[in-house]
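Participant: sequence and predicted model, in that order:
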Amino acid sequence: MTLQAVTPPGPDVPALPAPAGRTATPDGDGTRTDTHCPYCALQCGMTLTPAADVAPREFPANRGGLCQKGWTSASLLDSPARLTTPLVRTGGELRPASWDTALDVIAARLTELQAAHGNDAVAVFGGGGLTNEKAYLLGKFARVALGTSQIDYNGRFCMSSAAAAGLRAFGVDRGLPFPMTDLAGADVIVLVGSNPAETMPPFLQHLQGAAAAGGLVVIDPRRTPTAEQANVHLAPAPGTDLALALGVLHATVAEGLLDEAYVAERTAGFDAMWRTVARYWPEHVERITGVSAADQRALSRGLAGARSAYVLTARGAEQHATGVDTVSAWINLALAHGLPGRAGSGYGCLTGQGNGQGGREHGQKADQLPGYRKLDDPAAREHVAGVWGIAPESLPAPGRSAFELLDALGQPEGPKAMLVFGSNVVVSAPRSQRVAERLAALDFLVTADLVLSETAAMADVVLPVTQWAEEDGTMTNLEGRVLLRRKAIDPPDGVRSDLDVLAGLAERFGQPAGRFPVDAEEIFTELRAASAGGVADYSGVTYDRLRAGEALHWPVPAVDHPGTPRLFLEAFAHADGRARFVAVDHTGPAEPPDAEFPLQATTGRLLQHYQSGAQTRAVPELAEAAAEACIEVHPDTAARAGLGVGDVATVESRRGAVTGRVRCVASMRPDVVFVPFHFPGGQRANLITNPALDPTSRMPEFKVCAARLVPADAEPSATQPEAVTQQKPVTQQKPVTQQASVELQKSVTQQESGTQQASGTQQASGTQQKSVEQRETGGAS
Ligand SMILES: Nc1nc2c(c(=O)[nH]1)N[C@H]1C(S)=C(S)[C@@H](COP(=O)(O)OP(=O)(O)OC[C@H]3O[C@@H](n4cnc5c(=O)[nH]c(N)nc54)[C@H](O)[C@@H]3O)O[C@H]1N2
Ligand SMILES: Nc1nc2c(c(=O)[nH]1)N[C@H]1C(S)=C(S)[C@@H](COP(=O)(O)OP(=O)(O)OC[C@H]3O[C@@H](n4cnc5c(=O)[nH]c(N)nc54)[C@H](O)[C@@H]3O)O[C@H]1N2
Ligand code: SF4
Ligand SMILES: [Mo]
């Protein structure tokens, strides 16, 4: 069996032709700069010419493949959507201003608000797309220059549940504790809530071995392009993965397949965990999940019989109010089969954002200091304060987590101002209309961005920053490998790097010269010192080693240390060296369906768009390929709502309604609707999502809420809700993005043809038909 990414992945298949206007020129003229894609955590290797021509590069993650987003990534560098001058809101409108004016206005307003309400009146919101240097400097800026505890970042919305579960099981959280190329040798790989055919297409080549061995298992309520290529697809009801893992674990023990020697030698906590699992026999779990008892037993046997097996989770399993416990349940199963810490086997989380790994290590999180240290640990405070040249007592305490922070904005006890670097929360945060209202209630909002995102459009000051290809910096990919992203071209006039912005502000806050450097390598040298001795120890990583092409996975505690590609081979990171089973129980979605809202809505990604879509909606090829929000639904469910393919429909929940065009998918569970979250205005999936938070990770429940499907009563719009924009109108000196004009056009759909899955998939209709039949006899109700 050969796996196909939605776009061709590997060296043996031709990469997609370069889009018009960007020709991939052959290497060898000495002008190409080796760099990495600006988007997801796979961090595909690519090269760039001074004219910004992208070509894929041989690199272990992508082996010469790129997805559509990677191929078209350079088009945003000189796009008309690009911001090239600071904007300051005057007379209610955003107007061009000089950098000095913009930075002076920010410093004056923030100083005023802090003087009146205390340091915590100013909040900072970061992102997992920022380089290590930016994330590090942002955390330092918040704690040292602003003295605020109110900093968090969008990683809370991403992989924080897996991070928390990994930490409690293994004592360390690194997304993949092994190089992803190890996956090639596996005969069984279980993907739980992961759709890499659309979210990391070149990654599929690492799954080929398991697929060829008949052991690629995909667990997803939808029959995604990834599930389509799996040997086994299990489709549980959304939010029931925890119960499913318990059922498979029950079968493992009941059938005598537990790896007893491993459990005895390398783990702790089995008995306490088993007391709960004992109640989850597979037939009981079948009633909760819709996955047959036979399929659960088969999965247990498959894992037990494998020579080399991996369990991998992603957002489908993690973005729940019980996300941490759900991941723990899958880790328990992996431990029962003796997988973690064994060469050629393991558990891992597929981190999503470009620097989703490094971005969670260096201090932009509410409770964290660089090196994955805890802000409430006195030794950590002393070490980092020493590097920063400040007194440990002056470091603030841990602050609010991302959604709680957004929810507190403009409230009597909450921040009065916020600086946003690298996130578009108006589109991507749960219950987004409420978030937009909170932002509108602030006295002062600043964003640094490349484009006028929906969040930037609400700001009082917008700062135009440089992009990936225009600056140096390091990223840490999903396997903990530190990568150098090099400057390949000069930025346009008028933009500054985030590092420059922070330095300029720090100076205005009276910080001593040199405490906030602007050179990425200089900041990295400081980061190395701050992380030394920490969990994520980068002290032995240098730009020179990275320039020389060394593959350095953290921890790298010395400049002559080779790095640590595989963690846990000798011992887990808990003091006794053992991994922990964690006792977890199934409770189900925070908001179960009922008579009023009988369906379950789930949300996720399309191939063509990245996250809130702020960047990819401004790339013409991608915007054309997926111009609007779709609502994926079973044809019978659509028919019951009086809807057909191509009709405009609304998915309503207790919090709001999202509008999109109906795409009938015969393989969908009839009780589920799927909405992608890349679109703005009335097409925002997050108008309906439930901000119920996981008690440990504070991750919102993006992946399931009770909903109903109805015909739309009006043509929906992609513009901001009036209540918000009227408060802060925007005037631009040039057209900013085409995103505000993306309307649902009845005439524009390539999806009007029946059972097609995600747009951009290249499946023969016969395959699709076959899969539909298989799915319909597959036992999921
Ligand atoms: N094209 C594209 N690629 C991206 C991104 C993007 O925005 N667009 N973003 C990047 C980032 S930051 C991330 S985090 C990754 C995310 O990568 P993935 O985790 O692969 O993406 P999602 O689409 O969020 O979710 C995966 C699947 O979870 C399924 N799912 C929904 N509910 C449940 C459930 O209850 N249980 C289970 N088992 N599955 C469920 C959905 O049907 C979906 O197919 O992608 C990265 N790559
Ligand atoms: N319903 C639903 N909602 C979700 C999810 C879901 O599955 N369903 N997934 C969640 C997940 S996993 C994630 S990761 C979040 C992501 O959601 P967001 O945090 O909104 O992510 P992006 O859209 O990537 O926003 C990044 C913004 O920063 C800008 N930017 C890019 N690079 C830089 C830089 O270097 N510096 C600065 N200053 N700006 C930059 C971009 O132009 C863009 O405006 O969404 C979450 N929201
Ligand atoms: S898979 Fe991710 S890193 Fe690779 S080209 Fe696509 S978006 Fe970029
Ligand atoms: Mo993410």
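Facilitator: Thanks, I have it. Numbering: from 1, shown residues only. Ligands and ions are numbered 1, 2, ... in the order given.
Participant: what sits against residue 34?
Facilitator: 45, 47, 57, 486 (CB atoms under 8 Å, 6 or more residues apart in numbering). (Each C-beta comes from the backbone N, C-alpha and C, glycine too.)
Participant: what about these, which are in strands?
Facilitator: 45, 47 (DSSP state E).
Participant: so which of the contacts of residue 34 is the closest to ligand 2?
Facilitator: The shortest approach to ligand 2 among these belongs to residue 486, at 14.8 Å (CB to the nearest ligand atom).
Participant: and that closest one, its phi and psi?
Facilitator: As for residue 486, its main-chain torsions (degrees, to the nearest 10) stand at phi -90, psi 150.
Participant: that one: neighbour count?
Facilitator: By other CB atoms under 10 Å, the residues close to residue 486 number 19.
Participant: now do the contacts for it.
Facilitator: Shown in contact with residue 486 (CB under 8 Å, 6+ apart): 33, 34, 35, 472.
Participant: same deal with residue 571?
Facilitator: Here residue 571 is in contact with 341, 577, 578 (CB under 8 Å, 6+ apart).
Participant: kindly report the same for residue 448.
Facilitator: So residue 448 contacts 419, 420, 421, 422, 462, 463, 464, 465, 498, 501 (CB under 8 Å, 6+ apart).
Participant: do that again at 7 Å, thanks
Facilitator: 421, 463, 465, 498, 501 (CB atoms under 7 Å, 6 or more residues apart in numbering).
Participant: quick one: which of the contacts of residue 571 is nearest to residue 267?
Facilitator: residue 578 (5.4 Å; CB to CB).
Participant: contacts only, for residue 248.
Facilitator: 296, 299, 300, 333.
Participant: chain center to the helix or strand containing the second one, what's the gap?
Facilitator: With secondary structure defined by DSSP states H and E, residue 299 is part of helix 293-305. Centroid displacement of helix 293-305 relative to its chain, using CA atoms, centre = their mean, to the nearest Å, is 30 Å.
Participant: do the same with stretch 546-564
Facilitator: Per CA atoms, centre = their mean, the centroid offset for stretch 546-564 relative to its chain is 25 Å.
Participant: kindly report the residues of the chain close to ligand 3.
Facilitator: 37, 39-40, 42-44, 62, 66-67, 69-70, 200-202 (CB under 6 Å from any ligand atom).
Participant: pLDDT (mean, whole number) over stretch 220-239?
Facilitator: For stretch 220-239, the mean pLDDT works out to 97.
Participant: so it, near ligand 1 or not?
Facilitator: Yes. Remark: stretch 220-239 sits within contact range of ligand 1 at 220, 221, 222, 224, 238, 239, by CB under 6 Å from any ligand atom.
Participant: and the nearest residue to the first one once chain neighbours are set aside, what element?
Facilitator: In other words, residue 220. Counting by CB to CB, 6 or more residues apart in numbering, residue 220 lies nearest to residue 227, which is 5.3 Å off, once chain neighbours are set aside. Here residue 227 sits within helix 225-228, counting by DSSP H and E.
Participant: show me what that helix is packed up against.
Facilitator: Helices and strands touching helix 225-228, by 3 or more CB pairs under 7 Å, 6 or more residues apart in numbering; DSSP states H and E, are helix 196-199.
Participant: kindly recompute the last result at 8 Å.
Facilitator: On a contact count with 3 or more CB pairs under 8 Å, 6 or more residues apart in numbering; DSSP states H and E, helix 225-228 meets helix 196-199, helix 765-776.
Participant: and which of the contacts of residue 34 is nearest to residue 118?
Facilitator: Nearest to residue 118 among those, with distances taken as CB to CB, is residue 486, at 41.6 Å.
Participant: can you read off the pLDDT for that closest one?
Facilitator: 95.
Participant: please report the distance of it from residue 478.
Facilitator: 20 Å (CB to CB, to the nearest Å).
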